[in-house]
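Undergrad: could you look at this predicted model? Sequence included:
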Amino acid sequence: MQIEIRGHIKATDAIRDHIDRRLRTAIGRFGHRVRSVTIRLDDINGPARGGNDKACHIEAVLDSPRRNPVVVEEVHADLYSAITRAAERLSVAVRRELDRLRHPPRERSSATAS
């Protein structure tokens, strides 16, 4: 799994370690189905203002025929909390998408459609 970190917040070694741990925990069991993960870290209001303004945007590209990325975003006052929550949401979203790929919805036949 390829991980790329972008954004306006400088990714220190501690932040990189936190991201790596959280992503491996969240989607490690799906790792063989995840091609790449792009994380964008931003301070919405800039460094001068406080508040709930640290954003973590994660896009995971799955190894699937649909090729649509799974996208989650979390905003929190603490960057580490935003990363943790986004990773948890990504785990649920990836599992849901893989379940959809495994069990596609059945098409309704024209005889049963009304």
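TA: Done, it's in.
Undergrad: now P65: how far from L101?
TA: Applying C-beta to C-beta, to the nearest Å, the value for P65 to L101 is 8 Å. Where you see a C-beta, it was placed from the backbone N, CA and C, and this is true even at glycine.
Undergrad: do H8 as well
TA: Distance of H8 to L101, given as C-beta to C-beta: 34 Å.
Undergrad: please enumerate the strands of this structure.
TA: 2-7, 34-43, 54-62, 70-76 (DSSP state E).
Undergrad: I'd say R95 and A26 touch.
TA: No: using C-beta atoms under 8 Å, R95 is not in contact with A26, being 9.8 Å away.
Undergrad: show me which of these two is the more surrounded one.
TA: Between R95 and A26, counting by other C-beta atoms under 10 Å, A26 is the more crowded of the two (23 against 15).
Undergrad: chain neighbours aside, what residue packs nearest to R95?
TA: With sequence-adjacent residues excluded and distances taken as C-beta to C-beta, 6 or more residues apart in numbering, R95 is closest to F30, at 7.1 Å.
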